[in-house]
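A.B. asks: Turn this into a model:
(one chain, ligands or ions: 1)
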Amino acid sequence: MSRRNIVAGNWKMNLDRAKARELATAVAARSAEAGSVELVLCPPAVYLETVGNAIGGSEVALGGQNMHDKASGAFTGEIAPSMLADLGSRFVILGHSERRTLFGETDTTVNAKTKAALASGLTPIVCVGETLEEREGNRTQAVVTTQINGSLAGLSPTDVEKLVIAYEPVWAIGTGKVATPQQAQEVHALIRGLLGSLASPAVAAKVRIQYGGSVKPDNAADLAVQPDIDGALVGGASLKADDFLGIAKAFA
Ligand code: PEP
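C.D. replies: Sure, this is the predicted structure:
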């Protein structure tokens, strides 16, 4: 089963409008360097339109970093799925560890958002991953299993097929500590097995599973050769066109 690798940049709460435009323009202009890899840029929501205009007409896709699960209403400060779509987003990151730890998101929240994103035609990038304490306590498999089953509860096989999953060990995010390719592959294989149980092995074989956590151009190639690693969700290194495209090239 061949899956199209996907490399997404999570810009988090960084850059200003001019720098966002400049970075997006550079990535779009050089997107051919990524070959067949699907590229996604996830800027702060207020810059979605700017970035959307900068990448317009290129193969680069736009994504949100978060959204609310309701369609509209009295939710001050929140963004509806249809609003992301309205600005040209095709993807949305859901359940990032920063959302889970700093903003109290649970698997139940992520589940509601995943369903809402799919209903609005967005492709969710559903993030899971264990903390250092959980890994050291040999609980990685149990934690990731609970997160996948909880975040994807009630989804039909057709919906599961549309997802992108990001395995992001919390201890590797923004720390410079990358999981070894073997550690990552082991969890990716576990996730694919879980998707097989939730949907079917045929569906699971089609779902892209990204690795995230201190991916850089110089460690991406070893991750890219693993059979169940289908791309990367990139934080820090996505803020430089050279680094982001260098990672994408490793997955081409
Ligand atoms: C992330 O925030 O999704 C991430 C993987 O960050 P970094 O690449 O900086 O570790």
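A.B. asks: quick check, stretch 102-117 touching the ligand?
C.D. replies: No: under the criterion of CB under 6 Å from any ligand atom, the ligand is not reached by stretch 102-117; the shortest gap measures 11.9 Å. Where you see a C-beta, it was placed from the backbone N, CA and C, and this is true even at glycine.
A.B. asks: Pull out the buried residues from stretch 42-50.
C.D. replies: Neighbour counts over stretch 42-50 (16 or more other CB atoms under 10 Å) mark Cys42, Pro43, Pro44, Ala45, Tyr47, Leu48, Thr50 as buried.
A.B. asks: For the fourth one, give me the pLDDT.
C.D. replies: So that's Ala45. As predicted, Ala45 sits at a pLDDT of 98.
A.B. asks: count of neighbours near the closest residue in space to Lys12 that isn't next to it in sequence?
C.D. replies: Counting by CB to CB, 6 or more residues apart in numbering, the nearest residue to Lys12 once its immediate chain neighbours are dropped is Gly235, at 6.2 Å. The burial count assigned to Gly235 is 22, neighbours taken as other CB atoms under 10 Å.
A.B. asks: likewise Lys216?
C.D. replies: Neighbour count of Lys216, defined by other CB under 10 Å: 16.
A.B. asks: Go ahead and confirm it touches Lys240.
C.D. replies: No: with contacts counted by CB atoms under 8 Å, Lys216 stays clear of Lys240, the gap being 10.3 Å.
A.B. asks: circling back to that earlier point, name the nearest of the buried residues of stretch 42-50 relative to Leu198.
C.D. replies: Taking CB to CB as the measure, Cys42 is the one of those closest to Leu198, at 25.1 Å.
A.B. asks: Can you name the residues bridging to the closest one?
C.D. replies: Asn10 (DSSP bridges).
A.B. asks: separation between it and the ligand?
C.D. replies: Distance, Cys42 to the ligand, by CB to the nearest ligand atom, to the nearest Å: 9 Å.
A.B. asks: same thing with Phe251?
C.D. replies: 14 Å.
A.B. asks: do Ile229 as well
C.D. replies: As judged by CB to the nearest ligand atom, Ile229 and the ligand stand 13 Å apart.
A.B. asks: Make 361 the first number, not 1, from now on.
C.D. replies: That works, and once the first residue is 361, the last one we named lands at Ile589.
A.B. asks: From the buried residues of stretch 402-410, which land in helices?
C.D. replies: Leu408, Thr410 (DSSP state H).
A.B. asks: now, among the buried residues of stretch 402-410, which is nearest to the ligand?
C.D. replies: Ranked by distance to the ligand (CB to the nearest ligand atom), those are led by Cys402 at 9.2 Å.
A.B. asks: isn't that closest one right next to Leu454, touching?
C.D. replies: No: in this structure Cys402 lies outside contact range of Leu454 using CB under 8 Å: 11.2 Å.
A.B. asks: mind listing what the residue in the chain that the ligand sits nearest to touches?
C.D. replies: Evaluated by CB to the nearest ligand atom, the chain has Gly595 as its residue closest to the ligand, separated by 2.1 Å. Applying CB atoms under 8 Å, 6 or more residues apart in numbering, one finds that Gly595 lies in contact with Asn370, Lys372, Ile533, Gly534, Gly572.
A.B. asks: The same query, at a cut-off of 7 Å, please.
C.D. replies: Asn370, Lys372, Ile533, Gly534 (CB atoms under 7 Å, 6 or more residues apart in numbering).
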